[in-house]
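Chemist: Quick one: sequence plus predicted model below, questions after.
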Amino acid sequence: MVTTSAGILLYRRDPDDTVSALVAHMGGPLWARKDEGAWSIPKGEFDPSQESARDAAVREFREELGVDPPAVDDVELGTFAYASGRKTVTVFCRDGAGFLASAAERAALVFGSFEMEWPPRSGRRQRFPEVDRVEWMPLAEARPRMVAGQRPALDALDVLLRQE
């Protein structure tokens, strides 16, 4: 069975005309010491029979980062399949100029959390943040740090913005 998820990829044009994306480092003990392949767009699962991908993307952004995304129009970049074939993510992009621009604003975010057994097979349940930090990164820097299944969304954003 394929898991469907949706997310919002915020972007901004930096003063040097570089495009940066707002990306989130995944939280919890499995990702704590990883950087490459450990970043994601704010996204999450949804049931297409109960909710639209766009509504799910907004909801998941709010749940993961604790704030609403900027209230601007978005563009659907597409639906991207992970290499495993067991997951797809529908990605919407929005201009995030001025959003969470300072390190202090980003540090003040209250992230959503999840519960899991930790350490494994211990019988103990612990809560962890869904993400542990967010950063604005130039697309070229973000690409190797993103989970592989989401890298095509960065490429699609790059192509879209070059067409403007």
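Modeler: Everything's here; your move.

Chemist: Now do the strands in the protein.
Modeler: Using DSSP state E, the strands of the chain run over residues 3-13, 19-26, 39-40, 43-45, 74-81, 87-95, 113-117, 125-129, 131-138.

Chemist: Show me what the first one packs onto, helices and strands only.
Modeler: In other words, strand 3-13. Counting contacts by 3 or more CB pairs under 8 Å, 6 or more residues apart in numbering; DSSP states H and E, strand 3-13 is packed against strand 19-26, strand 43-45, helix 53-65, strand 87-95, helix 151-162. In this view, the C-beta of every residue, glycine as well, is placed from N, C-alpha and C.

Chemist: how about JSON lines for the ones you listed, with mean pLDDT added?
Modeler: Listed next are the helices and strands packed on strand 3-13 as JSON lines, based on pLDDT from 0 to 100:
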{"stretch": "strand 19-26", "mean pLDDT": "97"}
{"stretch": "strand 43-45", "mean pLDDT": "96"}
{"stretch": "helix 53-65", "mean pLDDT": "97"}
{"stretch": "strand 87-95", "mean pLDDT": "97"}
{"stretch": "helix 151-162", "mean pLDDT": "96"}
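
Chemist: Output the strands of the chain as JSON lines; include the columns distance to Ala101 and mean neighbour count.
Modeler: Shown next, in JSON lines, are those (distance: least, CB to CB, whole Å; neighbours: other CB atoms under 10 Å):
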{"stretch": "strand 3-13", "distance to Ala101": "8", "mean neighbour count": "21"}
{"stretch": "strand 19-26", "distance to Ala101": "10", "mean neighbour count": "22"}
{"stretch": "strand 39-40", "distance to Ala101": "19", "mean neighbour count": "24"}
{"stretch": "strand 43-45", "distance to Ala101": "22", "mean neighbour count": "18"}
{"stretch": "strand 74-81", "distance to Ala101": "19", "mean neighbour count": "16"}
{"stretch": "strand 87-95", "distance to Ala101": "13", "mean neighbour count": "21"}
{"stretch": "strand 113-117", "distance to Ala101": "25", "mean neighbour count": "12"}
{"stretch": "strand 125-129", "distance to Ala101": "22", "mean neighbour count": "14"}
{"stretch": "strand 131-138", "distance to Ala101": "8", "mean neighbour count": "18"}
